[in-house]
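model this:
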Amino acid sequence: MVIQKNGSAHWAGGLKDGKGEITTESGALSAHPYGFNTRFEGVKGTNPEELIGAAHAACFTMALSKMLGEAGLTATNLDTKAVVSLDKVGDGFGITAIELNLRGTVPGTDEQTFTKIANKAKEGCPVSKALAAVPISLNVTFS
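Got it, this is the predicted structure:
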């Protein structure tokens, strides 16, 4: 079974003075603006790295929930923040690292078991696999 989802982008103008819009199939983003300033100059607004971070955090957290369930565990809460690093690489830019910061509360287990399952989820998450060319680290806070 193949599941296909899509997102699209529209751009008009040059790199620095142009403006873009991002739209997702679900409508969660509909002609949402982005541009050079939101990506490189710290102006409030979205950018590709932020969207990759959100997608990675969501996928990883769902994979972790699944794997916890397979171990007979249910999380009270799981919160993941994915920090995506964009850096100068050669003549251009590249995503050089992704750091997953996980905070979770899971009754009936210990930090060592939770961390082991979280690392398994990091490796098994489809978005992690898609981003395998980039070093992906995981920091776990267990409570």
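
the chain: strands as residue ranges?
Per DSSP state E, the chain carries strands over the ranges 7-12, 19-24, 32-34, 77-89, 92-105, 136-142.

buried ones in the first one?
Pointing back at strand 7-12 there. For strand 7-12, a neighbour-count test (16 or more other CB atoms under 10 Å) marks nothing as buried. All C-beta atoms are positioned from the backbone trio N, CA, C, and that covers glycine.

tell me what it is packed against?
If contacts are counted by 3 or more CB pairs under 8 Å, 6 or more residues apart in numbering; DSSP states H and E, strand 7-12 sits against strand 19-24.

again, but for the longest one
Taking 3+ CB pairs under 8 Å, 6+ apart as contact, the helices and strands that strand 92-105 lies on are helix 48-70, strand 77-89, helix 111-124, strand 136-142.

can you tell which of those is closest to Ala130?
Nearest to Ala130, of all the helices and strands packed on strand 92-105, is helix 48-70, at 9.0 Å by CB to CB.

so what touches that closest one?
Defining contact as CB atoms under 8 Å, 6 or more residues apart in numbering, one finds that helix 48-70 is touched by 7, 22, 34, 39, 74-75, 78-84, 86, 95, 98, 100, 102, 104, 106, 117-118, 120-122, 124-128, 131.

residues contacting the closest residue in space to Phe93 that isn't next to it in sequence?
Using CB to CB, 6 or more residues apart in numbering and skipping the chain neighbours, the partner closest in space to Phe93 is Leu86 (5.6 Å). With contact set as CB under 8 Å, 6+ apart, Leu86 has these partners: Arg39, Glu49, Phe93, Gly94, Ile95, Thr96.
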